[in-house]
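>>> Task: produce atomic coordinates for the following.
(2 chains)
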Amino acid sequence: MIDLLGLGKEFSGRTAVENLDLRVRTGDIFGLLGHNGSGKSTSIGMMLGQVWPSRGKAILCGHNVIQSRRNALREVGAIFEAPAFYDYLSGWRNLQILSGYSSDSQPERLKEVLDWVGLTGREKHAVKTYSHGMRTRLALAQALLPKPRLLILDEPSEGLDPEGIHEMRQTILRLRKELGLTILLSSHLLTEVEQLCSRIAVLHQGRKVFDGTVSEAKSSQSCLELRVDRFEDAVKKLYELALIASHSNNAVILAGGIGSDRVVKQLVQDGFAVHEARMREKTLEDFYMELVQKQRQNSN
Amino acid sequence: MYLRFLSNELWKLFGKKRTYMGFAVFVLAQNAMLFAFHFSRWEVQVQRLLESNGHVGSEFISALTVSVVMLIPQALLLMPLFTTLVGGDIVAKEVEDGTMRMILSRPVTRLELLAAKWTAGAVFCVLLAFALGASALVFALCWFPWKGMFVFVPDFVFGVLDSKTGFELYLGSQILCAINAVTMFSLAFMFSCLNVKPAAATILALSFLFFSLVMHELPFFGDYQHWFLPHHFRNWILTYSQPTPWPRIAESLFILFGYNASTFIIGSAVFQSRDFKS
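Below is the predicted model of the structure:
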């Protein structure tokens, strides 16, 4: 559904995205991860033909976005963080206008989509009276109007309250289940990505540093949850002895070939009071932090 | 498909309250001027001027005469303000608000989008010019009778016309006024396509227009007047000259069309090369 081939972008000599190859298969919910400035939004911009690639090509639904924009984007819907609308117009009119750039949507289709996102009854009100959650739902409605096969969501939960985030997560799952959409999701919320996505790619300083399934990401190394006095000092010591690869909150990722017994023994020998040590499945957050720290060490 | 894009742009443009600001200001300005005409010594002075040239002065103190007198300062000062306000907003405001990214995620080309936007702006300019002309005449009729027309611009136009000819030329001059308005809009449209804020686009266009006006009016540049836009904006008032200088009007029209084409091409070339991201 999405094929990025050697995609690259430079802004005034600064590399924003470097030689990005990515494939999103039909039916996937694909997570695009990375910190601010890692190149996620630029990559999405290039997929949608909003940003001109310096090299490489983006192919959506079998068509090159630059050469055949109309065909490539015909069955694509997109939502960006902080969705923008014509606030002085009604939700209904906004949908009519935005869908008018794809195809002439019939009123029945507008009603159907409004019903789907739960905005029925508010469609005649000016968008300036909408809450952030309602605007997000309206953004989803405009993305769904052209009956897309592919949905690109760039930070869709940005600015939503916990209830809104939960609602958005359920909506994304419904989209795949009921409408069979392929979804590319860019998000900072690692728990959200973990719960939703089947595959992920991680970008760091414009380069792809991981591409695989969520289970591959989580099973690559062991995670030891530690409750120990002076956790930061303990972690520092373990790094010095190359016993751990990374850490996050109260957990450490063990270095290759190192067992939990070795770590606990070392801590006790060094005088740290170990109250609890428990192996657990690595979360996506553990994996992500480990990956990013490794990349930072490599660049230093 | 193009008509659907145009309809979208018209909805956006005419859904905004500020779009109507120009219309409202024109109506207020015209009534204020009419009030001044009615209660000042303007009529006596015009009558004297006509009689010193062998005409019956009272036959030309009319709604048509007053309408043209009112239109001159409005076309010179207010029209650039409101056309460039709309032109400066039309692209840059969408980029600033973020709605441009929403549109550009759709299967529409940038050129199609800009063509629709420019046409919507041109529709606004034509309506503004015609509304300005119509309201001037309607309000003038409330205060002055329907008689012959007298148009006087020192060293430029001295036209004394019967009411039928005057009215026909008045209608024709509104078309030329509309073309002027579209040209002013196109200039702001071009700046709006650059990576600037909407207010900056409007200010750049107004600065260009006023600078051209200053250069045009400086006596030292008399030989170069035809290089400046205001020289060609005088078309509409030239229609009242007797006989009407059609070749001069046609020449100016070609130049204005060239200006419009150039600003559109420059604006769309810059817009085409831009990257849009948050």
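>>> top helix in chain B by residue count?
When chain B is parsed with DSSP state H, its longest helix is helix B:110-143.
>>> Residues contacting the following helix or strand past that helix, please?
Remark: after helix B:110-143, the chain's next helix or strand is strand B:149-153, criterion DSSP states H and E. The contact list for strand B:149-153 (Cβ atoms under 8 Å, 6 or more residues apart in numbering or on different chains) reads B:46, B:49-50, B:55, B:60, B:62, B:64-65, B:68, B:72, B:157-163, B:165-167, B:169-170, B:237, B:240. For every residue, glycine as well, the C-beta is placed using N, CA and C.
>>> tell me the secondary structure for the closest residue to chain B within the stretch 51-200 of chain A?
Going by Cβ to the nearest Cβ, chain B is nearest to A:A84 of the stretch 51-200 of chain A, at 3.1 Å. Classification of A:A84 using DSSP: H, G, I helix; E, B strand; the rest coil returns coil.
>>> can you pull out the helices in chain A?
A:40-47, A:69-73, A:91-100, A:107-117, A:132-144, A:162-179, A:190-196, A:214-219, A:231-240, A:260-269, A:284-299.
>>> and B:E94, which of those helices is closest to it?
Closest approach to B:E94 among the helices of chain A is made by helix A:91-100 (11.3 Å; Cβ to Cβ).
>>> can you state the direction angle for that closest one and helix A:132-144?
30 degrees (axes from the mean of the first three to the mean of the last three Cα atoms, to 10 degrees).
>>> Now A:W116. Nearest residue, chain neighbours left out?
Leaving aside its sequence neighbours, A:W116 sits nearest to A:L144 (Cβ to Cβ, 6 or more residues apart in numbering or on different chains; 6.7 Å).
>>> So the one you found sits against A:L114, correct?
No. A:L144 is beyond contact range of A:L114, at 9.8 Å (criterion: Cβ atoms under 8 Å).
>>> and stretch B:175-188, how far out from the chain's middle?
With Cα atoms, centre = their mean, to the nearest Å as the basis, stretch B:175-188 stands 5 Å off its chain's centre.
>>> ugh, typo on my part, it should be stretch A:216-232
Offset of stretch A:216-232 from its chain centre (Cα atoms, centre = their mean): 23 Å.
>>> Kindly check the end-to-end length of it for me.
Terminal residues of stretch A:216-232 are spaced 28 Å apart (Cα to Cα, to the nearest Å).
>>> what's next to it, contact-wise?
A:200, A:210, A:234, A:245, A:250-254, A:256, A:260, A:263, A:267, A:272-284, A:286-287, A:290.
>>> go on, stretch B:110-127?
For stretch B:110-127, the surrounding residues in contact (Cβ under 8 Å, 6+ apart) are A:101, B:1-2, B:5-6, B:8-10, B:12-14, B:19, B:83, B:86-87, B:90-91, B:103-104, B:178, B:181-182, B:184-186, B:189, B:193, B:264, B:267-268, B:271-272.
>>> near chain A, which residues of the stretch 101-250 of chain B?
B:101-109, B:113 (Cβ under 8 Å from any Cβ of the partner chain).
>>> Filter those down to the buried ones, PyMOL style.
Those of those that count as buried under 16 or more other Cβ atoms under 10 Å in any protein chain shown are selected in PyMOL with:
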select buried, chain B and resi 101+102+103+104+105+106+107+108+113
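>>> Redo the residues of the stretch 101-250 of chain B next to chain A as CSV? Include distance to B:R41.
Supplementary listing: those in CSV, determined by distance: Cβ to Cβ, whole Å:
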residue, distance to B:R41
B:R101, 59
B:M102, 58
B:I103, 56
B:L104, 59
B:S105, 63
B:R106, 61
B:P107, 64
B:V108, 59
B:T109, 60
B:L113, 54
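>>> Just the closest of the residues of the stretch 101-250 of chain B next to chain A to B:F35, please.
Nearest to B:F35, judged by Cβ to Cβ, of these is B:L113 at 44.6 Å.
>>> Can you tell me how far that closest one is from A:I59?
According to Cβ to Cβ, to the nearest Å, B:L113 and A:I59 sit 23 Å apart.
>>> All set now, cheers.
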